[in-house]
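Undergrad: With the input below, show me the fold.
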Amino acid sequence: MKMPIKRKFSYVTVFNNQGSTMVEMLVSFSIYCMLASFLPYIFSIILNMNHVANRTQQLEFELFISQLNTELQGCDYVEVKNGKLYMQTVGELVTYEKYGPYIRRLVQFQGHEIVLQNINSVEFKQNQNSISILVIDNKNIVYEDQLFPFLQVVGGS
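TA: The predicted model follows:
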């Protein structure tokens, strides 16, 4: 039976327990300083994410109002009833209503087009010559606007 021969390689003895050198400490410190210099940027990115989310919700509301105003200008009949906005346009009845955390648009009581999301409540109000919209989002930020159609608004509750 042959016995394996153990060989001692010269590179094994390079690592020893004599401690760290000044060069190793400088390298470690420079890596630490580079990582620490990125912390303010990381914190600013994290803090700005909340601002971006709020701004996104504001832009979604403005887009919703713009689309609703465009559709409102071309309609023949407008009424708010039971918390829903009804508009008659060229033989089609368009309805805007709250559906869970969304405002959805229905055409002839069919379809499911989400026009605004992340909301707690929506309130449509009829005034004499305008439609008021009050939206409260999930962060309790209030968005409000008033739209003026070309036609006379039909009375309702």
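Undergrad: tell me what whatever helix or strand L47 lives in is packed against?
TA: Following DSSP states H and E, one finds L47 within helix 22-73. With contacts taken as 3 or more Cβ pairs under 8 Å, 6 or more residues apart in numbering; DSSP states H and E, helix 22-73 sits against strand 84-89, strand 110-117, strand 131-137, strand 142-147. C-beta: built from backbone N, CA, C; applies to glycine.
Undergrad: which residues touch G83?
TA: Listed by Cβ atoms under 8 Å, 6 or more residues apart in numbering, the contact partners of G83 are E97, K98, V122, E123, F124.
Undergrad: out of these, what pair is the most spread apart?
TA: Spanning the widest gap among these are E97 and E123, at 11.7 Å by Cβ to Cβ.
Undergrad: Of these two, which one has the most company?
TA: E97 (16 against 13; other Cβ atoms under 10 Å).
Undergrad: Spell out the secondary structure type for the more buried one.
TA: strand (DSSP: H, G, I helix; E, B strand; the rest coil).
Undergrad: quick one: the residue lying closest to it once chain neighbours are set aside from F64, how far?
TA: Residue nearest to E97 in three dimensions, not counting chain neighbours: K84, with 4.4 Å by Cβ to Cβ, 6 or more residues apart in numbering. Computed as Cβ to Cβ, to the nearest Å, the K84 to F64 distance reads 15 Å.
Undergrad: picking up where we left off before, the residue nearest to E97: what's it in contact with?
TA: Applying Cβ under 8 Å, 6+ apart, one finds that K84 lies in contact with T95, Y96, E97, F124.
Undergrad: Which single one of these is nearest to V135?
TA: F124 (9.9 Å).
Undergrad: ok so, going back, now, which of the contacts of G83 sits nearest L134?
TA: So of the contacts of G83, ranked by how close each gets to L134 (Cβ to Cβ), first place is E123, at 4.4 Å.
Undergrad: which ones are touching the closest one?
TA: Here E123 is in contact with G83, S132, I133, L134, V135 (Cβ under 8 Å, 6+ apart).
Undergrad: Distance of the last one relative to T56?
TA: By that I understand V135. V135 is 14 Å from T56, by Cβ to Cβ.
Undergrad: who's more crowded, these two?
TA: Applying other Cβ under 10 Å to V135 and T56 shows that V135 carries more neighbours, namely 23 against 11.
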